[in-house]
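1. With the input below, show me the fold.
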Amino acid sequence: MIELDDQQQRARDWFESLRGRICAAFEALERDAGSDAAFDYTPWQREDPDGAPGGGGVRGVMKGRVFEKVGVNVSTVGGRFSPEFAKTIHGAGEDPSFFATGISLVAHMANPHVPAVHMNTRFLVTTKRWFGGGADLNPPIPYEEDTAEFHARLRAACAAHDQTFYEKFKKWADDYFYIPHRGVYRGVGGIFYDHLEGPFEASFAFTREVGEALLDVYPRLVRRRMETPFDEADKARQLEWRGRYAEFNLLYDRGTLFGLRTGGNVDAILMSLPPMAAWS
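-> This next block holds a predicted model:
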């Protein structure tokens, strides 16, 4: 076990409580569809390269009628970055010691009319302390109504804390979730933020707001589309879109790199990959 100070413990407790409520909401969607699918939870432990305890986490995965594959992971880890990797991490250049706790969610849906979604929020401690994360919608078949509702909910979450957040963090998401070699965006965007170093209480409150926004809006979008009829052409479109999603996560996603470079659980890190994809 790694020892946590009060801020670290509060952040960890929040991420774990949010995980529980999200999983319950997703299991309720499965029940509404006549499925008894439920999350399987797999705990894992991390050991720092020098043999010191490095924390760990729990990987939660469900495969059902509505969610072809959804993962909701929580982790709390600590230790020391490798010297080269430390140079790339905010506040770790002179001292490679770190602490990180967070939640990561990726949902790939059975029905191609239901948008996939990604959400991640985290608290990192190096020589600095900051929150980061965001949420973005990834529909294989976009609907303007869904996109507008998702962004409106994130806009409201941002406005409750800072009137400048939404436009700034929306642009950050647009820039980040872009696939340069394809010249396309991964989805219809959302918000992305990092290095939120302001007073702990304010930054923590905003990060909680992002989690609550996702929990509020996404199940509504799923219920709206999960019984929409689809055909083979719709499914082919979804599988090709998933190929783009996989390319982004393997080539550009910072969370994937961070997990692999810090000795995280490989299955938990790569749970973001879709269960099936196609390249034509």
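2. for the chain, what spans make up the strands?
-> 40-47, 53-62, 67-80, 97-109, 116-125, 129-138, 178-179, 184-185, 189-196 (DSSP state E).
3. Please convert those strands to CSV, extending it with mean neighbour count, distance to Leu154 and mean pLDDT.
-> All C-beta atoms are positioned from the backbone trio N, CA, C, and that covers glycine. CSV is the format used below for the strands of the chain (neighbours: other C-beta atoms under 10 Å; distance: least, C-beta to C-beta, whole Å; pLDDT from 0 to 100):
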stretch, mean neighbour count, distance to Leu154, mean pLDDT
strand 40-47, 14, 28, 90
strand 53-62, 20, 24, 90
strand 67-80, 23, 19, 95
strand 97-109, 23, 15, 96
strand 116-125, 23, 11, 97
strand 129-138, 23, 7, 98
strand 178-179, 15, 18, 96
strand 184-185, 15, 16, 94
strand 189-196, 21, 5, 97
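4. Trp172 is nearest to which of those strands?
-> Comparison of the strands of the chain against Trp172 by C-beta to C-beta identifies strand 189-196 as nearest, at 4.5 Å.
5. neighbouring strands for that closest one, and are they parallel or not?
-> strand 129-138 (antiparallel) (DSSP bridges).
6. any idea how far the partner strand is from the chain center?
-> Relative to its chain's centre, strand 129-138 lies at 7 Å (C-alpha atoms, centre = their mean, to the nearest Å).
7. picking up where we left off before, turn the strands of the chain into JSON lines, columns for distance to Lys170.
-> Shown next, in JSON lines, are the strands of the chain (distance: least, C-beta to C-beta, whole Å):
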{"stretch": "strand 40-47", "distance to Lys170": "33"}
{"stretch": "strand 53-62", "distance to Lys170": "29"}
{"stretch": "strand 67-80", "distance to Lys170": "24"}
{"stretch": "strand 97-109", "distance to Lys170": "19"}
{"stretch": "strand 116-125", "distance to Lys170": "15"}
{"stretch": "strand 129-138", "distance to Lys170": "10"}
{"stretch": "strand 178-179", "distance to Lys170": "13"}
{"stretch": "strand 184-185", "distance to Lys170": "12"}
{"stretch": "strand 189-196", "distance to Lys170": "6"}
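8. Between the ones you listed, which one is closest to Leu250.
-> That would be strand 178-179 among the strands of the chain, by C-beta to C-beta, at 11.1 Å.
9. Any idea how many residues pack against the closest residue to Arg80 other than its chain neighbours?
-> Distances taken as C-beta to C-beta, 6 or more residues apart in numbering place Pro96 nearest to Arg80, at 4.6 Å, with adjacent residues excluded. Other residues near Pro96 number 18, with proximity taken as other C-beta atoms under 10 Å.
10. my guess is Pro96 meets Lys87, correct?
-> No: between Pro96 and Lys87 there is no contact under C-beta atoms under 8 Å: 9.1 Å.
11. isn't Arg65 right next to Arg31, touching?
-> No: at 10.0 Å, Arg65 does not count as touching Arg31 under the criterion of C-beta under 8 Å.
12. neighbour count winner among these two?
-> Arg65 (17 against 14).
13. distance of the more buried one from Gln238?
-> Distance of Arg65 to Gln238, given as C-beta to C-beta, to the nearest Å: 16 Å.
14. again, but for Pro142
-> 12 Å.
15. out of the two, which sits in the more crowded spot?
-> Gln238 (26 against 14).
16. residue ranges for the helices of the stretch 101-250 of the chain, please.
-> Using DSSP state H, counting those that start in this stretch, the helices found in the stretch 101-250 of the chain span residues 144-159, 165-176, 200-225, 232-251.
17. who's in contact with the second one?
-> Residues lying outside helix 165-176 but in contact with it, judged by C-beta atoms under 8 Å, 6 or more residues apart in numbering, are 134, 136, 151, 154-155, 158-159, 185, 189-194, 206.
18. Great, nothing more from me.
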